[in-house]
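Asks: have a look at this prediction, sequence included:
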Amino acid sequence: MEISQPAPHAIAEKREKTTWQYAVAGSRDLRIDMMRGVALVMMVVAHTEVMSIFNIFTWERFGLTSGAEGFVILSGFMLGMLNRTRLQKAVLLTISWALWRRAWKIYLVNIIIILSILLLSHLYFINTFEVTHFTDRFTGTSWSLFPTSPQIRDTWFNIILYLQIGPHQTQILGLYICLLLISPLFLWLLRKGRVFWLLLLSLTLYCFWQIHPLRITESEFEFAFPLLAWQLIYVLGMCCGWYKEELFSLAQTPGGKCLLVLLVAIAVALAFIAQNHTNPFIPPGLMLHVITPEDFNAFYHTWAAKNGLGPVRVLNDISLLVTVYLILTRYWTPFYRAFGWFFIPLGQRSLYTFTVHVFVVLAVSQFVTFGLWRQAWFTNTLIHASVLGVLWLLAKYHVGGRWIPN
């Protein structure tokens, strides 16, 4: 009796489908690195304030979310995942000391950035306006982020020491420092199996801020990234990283698969809503107009505000990251071949790249007038591509990596 053999093309097709899935040996998850790289690119494009094709793809186009949230969530995820393994070999005090040293190193880098900008601002041939001011590009109104009048020595000491001044492009570093300082408490609760109490505490602080916006530090970063609000997504990321293997197992169960389908559906629905954005700088022809501007603005500012991390925005952050992770898992090979060479080096050195990008932005501002109303698509796209290319080269070869933390 002759047994029929599958056709060669069918075998090749099956093999191709199999090899498309993520199957990279080693403990490092390159999908996370690629996602961090994407989040970093979104932030760099936003900080190099010209309107280009890059903005069309990075400016809340795939959901009501930004690169900053992805950066914070994935940082928490990596910290939770790595330290669960480390705590099997080292005591919590050792891990805590390493986290505090890391926070101190980033703090010093932040101080150096502030002092560098102050020194550069005294050179008549360097224009530091774009890193010493925050400008509302819609109205053209600018606010100085550095003192505009002479200050006594003690005042200078305090405003620098407490990070009360600094470029708006690196404000998130102040948030990251505070989160690292309190991370040992989060790890202690996770190690004790008290994840429920950790999440309850984090959610309570988040809800308290939504009702009573309160700055608990005097640092400048709290205007854009209030600690009590943004700690929630960091804690969520850390918990997911800590229970990564358990969540992967849960995803294989019928209930887990239903949850994944629900999260993907939420991501798709919110992506559709985002296409109705009232962003005045995006050409109207590239947006949907199913939802009226009044309804969208009411929904956006009530439930998906960026600085305060509205609850819908938090939901969008989670659902979108899960969806992208699933896509990368299923179709890793084509995405890796097309984009891995660029995004992965940036993602693996995301903190390093983010630290140096402020000086790249400063250099560009010497030759380019920032503004979002001028839609010189070719020129501005070339500017963004050049900035990202320089940062990629710096990250690829880790220039100055001995002194700049990663």
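Replies: Structure's in. What do you need?

Asks: helices and strands around the helix ranked longest in the chain, which ones?
Replies: Looking across the chain with DSSP state H, the single longest helix is helix 92-120. Packing contacts for helix 92-120, counted by 3 or more CB pairs under 8 Å, 6 or more residues apart in numbering; DSSP states H and E, involve helix 67-86, helix 153-161, helix 172-191, helix 350-365. Just so you know, the C-beta spots here come from the backbone N, C-alpha and C atoms, and that holds for glycine as well.

Asks: ok, of these, where does mean pLDDT dip lowest?
Replies: Note on those: lowest mean pLDDT is at helix 153-161, with a mean of 84.

Asks: next, the angle from it to helix 92-120.
Replies: 120 degrees (axes from the mean of the first three to the mean of the last three CA atoms, to 10 degrees).

Asks: dump helix 153-161 to CSV, keeping only the CA atoms.
Replies: The C-alpha trace of helix 153-161 is given here as CSV (Å, rounded to 0.1, in the frame of the first residue of the first chain):
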residue,chain,number,x,y,z
ARG,A,153,24.1,80.6,45.3
ASP,A,154,21.9,78.8,47.7
THR,A,155,18.9,79.0,45.3
TRP,A,156,21.0,77.6,42.4
PHE,A,157,22.1,74.8,44.7
ASN,A,158,18.6,73.9,45.7
ILE,A,159,16.9,74.1,42.2
ILE,A,160,19.7,71.9,40.7
LEU,A,161,19.9,69.5,43.6
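
Asks: which residues are contacting it?
Replies: Defining contact as CB atoms under 8 Å, 6 or more residues apart in numbering, one finds that helix 153-161 is touched by 111, 114-115, 147, 151, 164-165.

Asks: circling back to that earlier point, how distant is the longest helix of the chain from the center of its chain?
Replies: 19 Å (CA atoms, centre = their mean, to the nearest Å).

Asks: measure how it sits relative to helix 172-191, angle-wise.
Replies: Angle, helix 92-120 to helix 172-191, by the same axes, to 10 degrees: 180 degrees.

Asks: buried residues in whichever helix or strand comes after helix 92-120?
Replies: Following helix 92-120 in sequence order, the next helix or strand is helix 129-132 (DSSP states H and E). Using 16 or more other CB atoms under 10 Å as the test for burial, helix 129-132 gives 130-132.

Asks: out of those, who's nearest residue 365?
Replies: Nearest to residue 365 among the buried residues of helix 129-132: residue 130, at 4.1 Å, using CB to CB.

Asks: mind listing what the closest one touches?
Replies: The neighbourhood of residue 130, defined by CB under 8 Å, 6+ apart, consists of 49, 361-362, 365, 370.

Asks: so where do the helices sit in the stretch 151-300 of the chain?
Replies: For the stretch 151-300 of the chain, applying DSSP state H, counting those that start in this stretch gives helices covering 153-161, 172-191, 195-211, 227-242, 244-251, 254-274, 293-303.

Asks: what's the most buried one of the ones you listed?
Replies: helix 227-242 (a mean of 24; mean count of other CB atoms under 10 Å).

Asks: which residues does residue 98 contact?
Replies: Listed by CB under 8 Å, 6+ apart, residue 98 has no contact partners.

Asks: going forward, begin numbering at 661 instead of 1
Replies: New numbering, starting at 661: the last item is residue 758.

Asks: who touches stretch 947-955?
Replies: Identification of contacts with stretch 947-955 by CB under 8 Å, 6+ apart yields 932-933, 935-939, 959.

Asks: let's go with 10 Å and repeat that
Replies: Contacts to stretch 947-955, defined as CB atoms under 10 Å, 6 or more residues apart in numbering, come from residues 721, 932-939, 956-960.

Asks: ends of it, what's the gap?
Replies: 15 Å (CA to CA, to the nearest Å).

Asks: and it, how far from the chain's centre?
Replies: Chain-centre distance of stretch 947-955: 27 Å, with CA atoms, centre = their mean.

Asks: quick one: mean pLDDT over that stretch.
Replies: Stretch 947-955 comes out with an average pLDDT of 93.

Asks: cool, stretch 1028-1044 as well?
Replies: 93.

Asks: so for that stretch, what gets flagged as buried?
Replies: 1028, 1030, 1032, 1040-1041, 1043-1044.

Asks: may I see the buried residues of stretch 1002-1022?
Replies: In stretch 1002-1022, counting by 16+ other CB under 10 Å, buried: 1002-1022.

Asks: do I have it right that residue 875 meets residue 884?
Replies: No - judged on CB atoms under 10 Å, residue 875 makes no contact with residue 884 at a distance of 11.4 Å.
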